[in-house]
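*Asks:* Need a 3D model of the following:
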Amino acid sequence: MRTFNWLRGSAATTVLGVALLGGFGGGEAAAQGKQLTLCWAAWDPANALVELGKDFTKQSGIEMKYEFVPWTSYADRFLNELNSHGKLCDLIIGDSQWIGGAAENKWYVKLNDFFDKEKISMDDFVPATVVGYSQWPKNSPNYWALPAMADAVGWTYRKDWFSRQDIQSAFKAKYGRDLAPPKTYDELKQIAQFFQGREIDGKKVYGAYIFTERGSEGITMGVTNVLYNYGFSYDNPKKPYQMQSVVNSADAAKGLEFYKELYKCCTAPGMTNAYMQEGLDAFKSGQVAMQMNWFAFFPGLYKDPNVGGDRIGFFVNPSGPNGHFTQLGGQGISVVATSDRKDDALAYIKWFAQPAVQQKWWQLGGYSALKAVVDAPSFPRSAAFAPQFLESMGIVKDFWAEPSYAQLLLDMQKRVHDYVVADKGTAQQALDLLVKDWTKVFKEQGKQVASQ
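*Replies:* Presented below is the predicted three-dimensional model:
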C-alpha cells in the first residue's frame, strides 16, 4: 500500500515508532559503534521486522534503529528525506511506486553488482514482486531493491454469518444458490445487497466495505480492483503512454460504474473518505459482512478475539467480465545512496535474503516474496489466509511507477472520487478527463504520448 500527500503541501513529520535494539550482540555493537537506521511505515509488519532484526544484531553486532511513521505521513516524510539527500535512513522499505523516481534521481544504490557478488538471484523471488518492487525500468534487469514485503488487496468475510442456517436458507430462497464467498464481482454485489440493512443478533449490518479515501491513494487502490477486471489498462503495451481508448474504454467506464453502484447500494453510511483503518474498524465492530483490505492486516484480524479465528474467512479479489486481477501492494528494501554505512546496510540485505530468515519473517507476520517460502508444499497450510495470498500474488497489477507517479495518482484520486462519491458527471467523462490529466503530465515530462 502507499499513501501520498507531499505534493499537496503537507508537512507531516511526526515520528511515531522509534526503537533501539540491542539483543545478544549489543555489547559488541556498542563497542564498535555500529548501527543502522531502517525507515518504514508504522504498522503490524514493522513490529514483526523489529523482532526479526534482533537476529541480525546477534549475528552481526550491528545495532538496529528504526524510524517508523504512520501511513498518512509515510510518503511525505521519506520522499522529502530522500529528495533532500538526508542521512536519516541507511535502509528504507520504500513503496513500489517510488522505484522510478528513486532510480532516476539516484536516491537508491543500484544493487546489480551486489546481487551478482553475493549470488542473490531475482529468479528466486515471486516475479510480480521483482517487477513491482525492484526493477527500473520495468521488465529490465536493473535492480534497486530486494522484495521485502509482498502484499495485495484481498477480502475478509464473516464466515460465521455465512454459515448460519437461517441466513443460508434466506439467501438460497432469494437467489436460488448457496451462500458462499464470491468468485465474481456480480456475486459479490449480490451478497452485499443481501446483507445490506439486515439485522443479525439484534444489530443492523451492511454488505461490504470498500476504499473511498481521496487525500492520498485510497480510492484508487480500491477502484482498480474492479477496473482491471473490466478491461482497464494504464496504457497500450505495444505503444507506451498511449492511453486513449485504453484508460477510458467503454469497458473501463462500466467498471467504474460498477464500483459506484457497489458504494451506493451496499456500504455503511458515512464512508465517504475511508481507507485501511476504517475498514478494519468496520469489520472488527461487526458492521460489515465483507471487507476489502490489504493482506498485511489479515494476521492481526485472524487473531482478533471478536471476529477472528473461526468467525473470519478470506477470499481472493473476485473476477470481472474481462479478467481476474487484483491491486498490488507491498514494498522492496533499498540502500539509501547518501548513507555513510552502505556496507553494513548491504550486509543487512544479504542477511534478510536468506531462506531461513525469510521463513521466520513469514512466521512473525511479514509477507515473504521468496519462492522457497511461498512455493513450499506446506505454505498453503501455514495460515488461514495463505492460499488466498498465494493466488493473489499471481494475478497482481500495479499503478504507474513513473517518476511522476505522485501527480498521476492525485489526478486519478480526484477524477474517481468526484464521480463515485461526489456524484459529478458520468464514468465516461471521469475517465476522459483522466486521460487529459495524464497526457498533460507525461508531455511535461517529455514523453511521447500517442493519441491512438
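*Asks:* On the three-state scheme, the most centrally placed residue in the chain is what?
*Replies:* The C-alpha lying nearest the average C-alpha coordinate of the chain belongs to Gly329 (CA atoms, centre = their mean; 2.2 Å). Assigned with DSSP: H, G, I helix; E, B strand; the rest coil, Gly329 falls in the strand class.
*Asks:* can you pull the contacts of it?
*Replies:* With contact taken as CB atoms under 8 Å, 6 or more residues apart in numbering, Gly329 is in contact with 1-2, 96, 151-153, 221, 294-296. Heads up, the C-betas are built off the backbone N, CA and C, glycines and all.
*Asks:* how about the nearest residue to it, chain neighbours excluded?
*Replies:* Asp151 (3.6 Å; CB to CB, 6 or more residues apart in numbering).
*Asks:* What's the local residue count around that neighbour?
*Replies:* By the criterion of other CB atoms under 10 Å, Asp151 has 27 neighbours.
*Asks:* Make residue 1 into 742 and carry on from there
*Replies:* From this message on, residue numbering opens at 742, which makes the last subject Asp892.
*Asks:* contacting residues around the nearest residue to Gln909 once chain neighbours are set aside?
*Replies:* Residue nearest to Gln909 in three dimensions, not counting chain neighbours: Leu920, with 5.3 Å by CB to CB, 6+ apart. With contact set as CB under 8 Å, 6+ apart, Leu920 has these partners: 903, 908-909, 912-913, 932, 935.
*Asks:* Just name the closest of these to Ala1094, please.
*Replies:* Distance ranking of the contacts of Leu920 against Ala1094, using CB to CB, places Phe903 first at 40.0 Å.
*Asks:* in the stretch 842-991 of the chain, which segments are predicted with low confidence?
*Replies:* In the prediction, the stretch 842-991 of the chain carries no residues with pLDDT under 70.
*Asks:* which residues in it form helices?
*Replies:* Counting by DSSP state H, counting those that start in this stretch, the stretch 842-991 of the chain has these helices, from start to end: 853-859, 868-870, 900-903, 906-916, 926-936, 959-971, 991-1007.
*Asks:* among those, which is nearest Pro786?
*Replies:* Of all the helices of the stretch 842-991 of the chain, helix 868-870 sits nearest to Pro786, with 14.6 Å by CB to CB.
*Asks:* how far does the closest one sit from the chain's center?
*Replies:* 13 Å (CA atoms, centre = their mean, to the nearest Å).
*Asks:* Just the buried positions in that helix, please.
*Replies:* Across helix 868-870, burial judged by 16 or more other CB atoms under 10 Å covers 869-870.
*Asks:* same check, this time on stretch 1158-1172
*Replies:* Quick answer for stretch 1158-1172 (16+ other CB under 10 Å): 1158-1162, 1168-1169, 1171-1172.
*Asks:* Centre of the chain to that stretch, how far?
*Replies:* Chain-centre distance of stretch 1158-1172: 24 Å, with CA atoms, centre = their mean.
*Asks:* residues in contact with that stretch?
*Replies:* Applying CB under 8 Å, 6+ apart, the external contacts of stretch 1158-1172 come out as 953, 955, 960, 964, 988-989, 991, 993-995, 997-998, 1000-1001, 1004, 1013-1014, 1156-1157, 1174.
*Asks:* surely Ile941 meets Phe903?
*Replies:* No. Using CB atoms under 8 Å, Ile941 is not in contact with Phe903, being 11.2 Å away.
*Asks:* hmm, back to that, if you compare the helices of the stretch 842-991 of the chain, which one is most tucked away?
*Replies:* helix 959-971 (a mean of 26; mean count of other CB atoms under 10 Å).
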